[in-house]
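Asks: Sequence first, predicted model second:
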Amino acid sequence: MSFDPRYYIEDRVDFAPTTDVEKAFEKLDSNGVRWVVERALKSEEDKQAGDKFQTETVPLFKKMYPAYIDNDHNMKLMKHHWQTKFGVEVPSLVQAEESFFDLRQAGVLTLNAKAVAKEQADVIAQRHDELIAARKDAEFDEAAAYAMPFDQLEKKARGF
């Protein structure tokens, strides 16, 4: 018996998409298929964190920083920045802010010129410095950990 590929193609309607979901899946490009598969493989916590980021963090961030333009170029830069700097797939609002400030300072983001003209540069620089200082304060210091009481160490380890 030889392999006949026509068996799988000709007169076979059972492979044709029938539901709206199947039809939509057939229209996806390779990046869309990859996104669907990666999302399916994620844990429930990761899915919830991603959904929360999209529904709560992103709208709040856009409201806080009207100069940010939500396009593919900016999103790829931001995502790459928080993945490499913080090692996270889904950032907190503070991490997203710090990525925004770092990339803005580097001059690589596409920004809304009208909104940038309205902003006060000193206020933005101050907020950037506050975020960096807060992150440095939260970083683990082994010498300080040996000196602090155990209950404080436990709270710091748990993120309280």
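Replies: Nice, thanks for sending it over. Numbers count the residues shown, from 1 in each chain.
Asks: residue boundaries of the helices in the chain?
Replies: Secondary structure of the chain (DSSP state H): helices at 6-9, 20-27, 30-41, 44-52, 58-64, 72-86, 93-106, 113-118, 121-138, 142-147, 150-158.
Asks: Pull the distance from the second one to the chain's centre.
Replies: The chain centroid and the centroid of helix 20-27 are separated by 26 Å under C-alpha atoms, centre = their mean, to the nearest Å.
Asks: where does this protein have low pLDDT?
Replies: Within the chain, the stretches falling below the threshold (pLDDT under 70) are 1-17, 158-160.
Asks: that older thread, any chance of CSV for the helices of the chain, columns mean neighbour count?
Replies: C-beta: built from backbone N, CA, C; applies to glycine. Shown next, in CSV, are these (neighbours: other C-beta atoms under 10 Å):
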stretch, mean neighbour count
helix 6-9, 9
helix 20-27, 10
helix 30-41, 10
helix 44-52, 12
helix 58-64, 13
helix 72-86, 15
helix 93-106, 18
helix 113-118, 10
helix 121-138, 12
helix 142-147, 9
helix 150-158, 11
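Asks: Got phi/psi on the residue most central in space within the chain?
Replies: By C-alpha atoms, centre = their mean, the chain has its centre lying nearest to Val90, at 4.2 Å. For Val90, the backbone dihedrals (degrees, to the nearest 10) come out as phi -120, psi 110.
Asks: List the contacts of it.
Replies: 46, 49-50, 53 (C-beta atoms under 8 Å, 6 or more residues apart in numbering).
Asks: Now do it against Ser30, distance only.
Replies: To Ser30, Val90 is 23 Å away according to C-beta to C-beta, to the nearest Å.
Asks: Also Ala113?
Replies: Using C-beta to C-beta, Ala113 is found at 35 Å from Ser30.
Asks: What of Tyr68?
Replies: Distance of Tyr68 to Ser30, computed by C-beta to C-beta: 28 Å.
Asks: again, but for Pro59
Replies: Pro59 is 29 Å from Ser30, where distance means C-beta to C-beta.
Asks: got it, and Phe100?
Replies: 29 Å.
Asks: Likewise for Gln48?
Replies: Distance from Gln48 to Ser30, by C-beta to C-beta: 27 Å.
Asks: Repeat that for Ala138.
Replies: Distance from Ala138 to Ser30, by C-beta to C-beta: 39 Å.
Asks: Just give the nearest non-adjacent residue to Glu119, would you?
Replies: Nearest non-adjacent residue to Glu119, counting by C-beta to C-beta, 6 or more residues apart in numbering: Ala67, 6.2 Å away.
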